[in-house]
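**Student:** sequence first, then the predicted structure:
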Amino acid sequence: MNIYFSDLFLENINRLPIEAKKTLKKKLDLLVDNPKHPSLRTKKIKGTEDIFEASINTKLHSKAHRGNDEEPTEAYTEVRRGARRGDNEDESMKATWYNMDIRMTWEFYEDGILLRNIGR
């Protein structure tokens, strides 16, 4: 199956953080193999006949401080839909969390998939 990119998709992909671009590559492999793979959370966009939306989960770098530490601890966290800035199970840890709800829209096209758009 071939992947085609719209001009809008290519324009918006350049605005994504590096971590999101790395994750996108893995998700595109899944999309080609199985467009309804559970980790893509694919759903049809209401009001359209053939346009779908899929989720891109990504890992973001976050600098965290525990207690009165002066040096930050580097932590990686998987950002999930609904995560909010400041969410943390350990209240003694101060960290910056980012909600990166990245979605892409796509449709079946000729002998493959046309990636229409990507963004938050």
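**Tutor:** Looks like it came in fine.
**Student:** hey, which helix or strand in this structure has the poorest pLDDT?
**Tutor:** One helix or strand of the chain scores below all others by mean pLDDT, DSSP states H and E: strand 73-78, with a mean of 40.
**Student:** quick one: contacts of the host helix or strand of residue 53?
**Tutor:** Using DSSP states H and E, residue 53 maps to strand 52-56. Residues outside strand 52-56 that contact it (C-beta atoms under 8 Å, 6 or more residues apart in numbering) are 20, 23-24, 27, 31, 35, 39-45, 81, 102-107, 118. Bear in mind the C-beta positions are built from the backbone N, C-alpha and C, glycine included.
**Student:** now that we have these, which of them are buried?
**Tutor:** Those of those that meet the buried threshold are 20, 23-24, 27, 31, 40, 42, 102, 104-107, 118, by 16 or more other C-beta atoms under 10 Å.
**Student:** between the residues you listed, which is nearest residue 14?
**Tutor:** Nearest to residue 14 among these is residue 118, at 10.3 Å by C-beta to C-beta.
**Student:** quick one: that closest one is in a helix?
**Tutor:** No - applying DSSP: H, G, I helix; E, B strand; the rest coil, one finds residue 118 to be strand, outside a helix.
**Student:** what about residue 30, how many neighbours?
**Tutor:** The tally of other residues near residue 30 (other C-beta atoms under 10 Å) stands at 16.
**Student:** which ones are touching it?
**Tutor:** With the criterion set at C-beta under 8 Å, 6+ apart, residue 30 makes contact with 37, 39-40.
**Student:** one more time with 10 Å, if that's ok
**Tutor:** Contact partners of residue 30, counting by C-beta atoms under 10 Å, 6 or more residues apart in numbering, are 36-40, 42, 54.
**Student:** next one: residue 11
**Tutor:** With contacts defined as C-beta under 10 Å, 6+ apart, residue 11 is in contact with 5, 117-118.
**Student:** the strand holding residue 53 pairs with which strands, parallel or anti?
**Tutor:** The strands beside strand 52-56 in its sheet (DSSP bridges) come out as strand 43-44 (antiparallel), strand 102-109 (antiparallel).
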